[in-house]
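Engineer: Need a 3D model of the sequence below.
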Amino acid sequence: MLKCSVYWWSRTTKYAKVAKGRGCWCYGLIRSSYREDGRVKHTTHGRLTGMSLEQLKLVQAAFRGEVILKDSPDALRISGSEEYGASAAALALARELGLDRAIYSRRDPWVLDTLAMIVGRLVFAGGKLALSNQWKNTALWELCGVTGPVDVDVHCYASMDRLLARQAQIEKTLAQRHLKEGCLVLYDITSSYFEGAYDTSELVLFGYNRDGKCGHEHRPAQKRCKGSMD
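Structural biologist: Here you go, the predicted structure:
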């Protein structure tokens, strides 16, 4: 008595039927199916023996067109891709320059998040929300210890709060590394205007904008750069 393990047929093509006999042995049948007088009939073309069930299933898959030769171009399938090179190189450079240690001496998660934001600004040139949404397209966040979706509030804004709390220490560290007696530190002022209601804001106020934007709240921002002076 035969028990069918895997069965598949087509009206127009040959197929392989895998069956099990009594005990542990199994065999395959090379068959084709056709209709005659409204009934489905089968013709057996050959019998496969001496093969394991897994091998017979591979033969059956070949008849279905599900097997691809290893030298075929179709054998390589790209299921997904992520940006890696630029992020990895920029992170390596930041660590070589000691930027991570200047931010904080410990490798806390918020320090790695800060490095991700710095590198992300260089590579993607976008805002924090846009960078957090890039986690599916880049390995940057994973290289900084974040796996899965990135929460902009946790990984960006909360880390920026920690960064702000250490601003004085970071500036002192950078000054000790790069500033010498006789150096001139240059300041640049830029400004941004906001649209909307900011009645309770302590940072956004009505004021003068050098770009001529009137009737909007403004917030001046200070940029700093270092120059040398003999």
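Engineer: How about the contacts made by the residue nearest the centre of the chain?
Structural biologist: Central residue of the chain (CA atoms, centre = their mean): Lys136, 3.2 Å from the mean position. When contacts are counted by CB atoms under 8 Å, 6 or more residues apart in numbering, Lys136 touches Glu82. Bear in mind the C-beta positions are built from the backbone N, C-alpha and C, glycine included.
Engineer: For my notes, confirm Thr44 occurs in a strand.
Structural biologist: Yes: using DSSP: H, G, I helix; E, B strand; the rest coil, the assignment for Thr44 is a strand.
Engineer: so what secondary structure elements neighbour the top helix by length along the chain?
Structural biologist: With DSSP state H setting the assignment, residue counts place helix 109-124 as the longest helix in the chain. With contacts defined as 3 or more CB pairs under 8 Å, 6 or more residues apart in numbering; DSSP states H and E, helix 109-124 has these neighbours: helix 85-96, helix 99-103, helix 128-132, helix 140-143, helix 158-165.
Engineer: what residues go with each domain of this structure?
Structural biologist: 3-72, 85-172, 181-227 (automatic domain parsing).
Engineer: a markdown table please, covering those and showing distance to Ile78.
Structural biologist: Below are these laid out as a markdown table (distance: least, CB to CB, whole Å):
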| stretch | distance to Ile78 |
| --- | --- |
| domain 3-72 | 14 |
| domain 85-172 | 14 |
| domain 181-227 | 41 |
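Engineer: could you dump those to TSV with mean pLDDT?
Structural biologist: Shown next, in TSV, are those (pLDDT from 0 to 100):
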stretch	mean pLDDT
domain 3-72	72
domain 85-172	94
domain 181-227	63
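Engineer: Now Ala46: closest residue in space that isn't a chain neighbour?
Structural biologist: I think there's a mix-up here, since residue 46 is Gly and not Ala. In this structure, Gly46 finds its nearest non-sequential neighbour in Ile30, 4.3 Å apart by CB to CB, 6 or more residues apart in numbering.
Engineer: Secondary structure of Lys41: a strand, I assume?
Structural biologist: Yes: remark: Lys41 belongs to a strand, assigned using three-state DSSP.
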